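Student: sequence unknown, structure follows:
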């Protein structure tokens with residue numbers, strides 16, 4: 001960065017280091033600089049979303065996860081990450097909608113199915129409703 005302040009990889013590495021140090025605001029700042037200097041990448045948007053999730057700013061986390069999923073729509077775990085933020089906010093219906101998307105891409109993913117079950121339990125569904133997977 002000292003040699004070339006337009007080197008996006010330096011900011012990417014700094015952002016990664018800040019994430020490891022749990023300095024999420026600083027990480028976001030560095031990762032946004034990466035977006036300014038290079039073309040958008042899903043991993044950068046996902047990392048920014050992760051930082052916002054750790055700071056419990058779930059709406060902003062979903063915003064960046066959604067941006068990442070637009071760049072890479074075949075990745076079901078981004079829908080899962082969005083679902084998990086809804087779960088943390090106790091917005092179970094929205095969580096289920098996101099999990100449906102994730103499960104279309106990875107039907108047998110255990111974490112997705114467990115979270116779906118948790119949401120449906122929170123909403124009062126039982127086996128008699130035959131909606132459980």
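Tutor: Yes, it's here. Just so it is clear, the structure is predicted and the values come from calculations on it, not from any experiment.

Student: what about the chain, any weak spots by pLDDT?
Tutor: Scanning the chain for pLDDT under 70 picks out 1-4, 126-133.

Student: how far away is residue 35 from residue 125?
Tutor: Applying C-beta to C-beta, to the nearest Å, the value for residue 35 to residue 125 is 41 Å. Every C-beta, even on glycine, is put in place using the N, C-alpha and C of the backbone.

Student: and what of residue 108?
Tutor: 21 Å.

Student: now swap in residue 18 and tell me
Tutor: 41 Å.

Student: swap in residue 83?
Tutor: 16 Å.

Student: tell me the contacts of residue 79?
Tutor: By C-beta atoms under 8 Å, 6 or more residues apart in numbering, residue 79 lies in contact with 69, 98-99, 101-102, 105.

Student: Mind checking which of the residues you listed land in helices?
Tutor: Using DSSP state H, the members of the contacts of residue 79 that fall in helices are 69, 98-99, 101-102, 105.

Student: List the contacts of residue 74.
Tutor: Residues in contact with residue 74 (C-beta under 8 Å, 6+ apart) are residue 105.

Student: tell me the SS of it?
Tutor: With DSSP: H, G, I helix; E, B strand; the rest coil as the basis, residue 74 sits in coil.

Student: ditto for residue 108
Tutor: Quick answer, by three-state DSSP: residue 108 is coil.

Student: Give me the distance between it and residue 102.
Tutor: 12 Å.

Student: more neighbours, these two?
Tutor: Counted by other C-beta atoms under 10 Å, residue 108 and residue 102 do not tie: residue 102 has more neighbours, with 25 against 7.

Student: Quick check, that one in contact with residue 86.
Tutor: No: Residue 102 lies out of contact with residue 86 (C-beta atoms under 8 Å); the separation is 11.9 Å.

Student: Which segments of the protein make up each domain?
Tutor: When the chain is parsed with automatic domain parsing, its domains come out as 1-73, 76-133.

Student: So between residue 83 and residue 125, which is more surrounded?
Tutor: Taking other C-beta under 10 Å, residue 83 and residue 125 do not tie; residue 83 has more neighbours (30 against 16).

Student: Quick check: the more buried one touching residue 113?
Tutor: No: between residue 83 and residue 113 there is no contact under C-beta under 8 Å: 11.7 Å.
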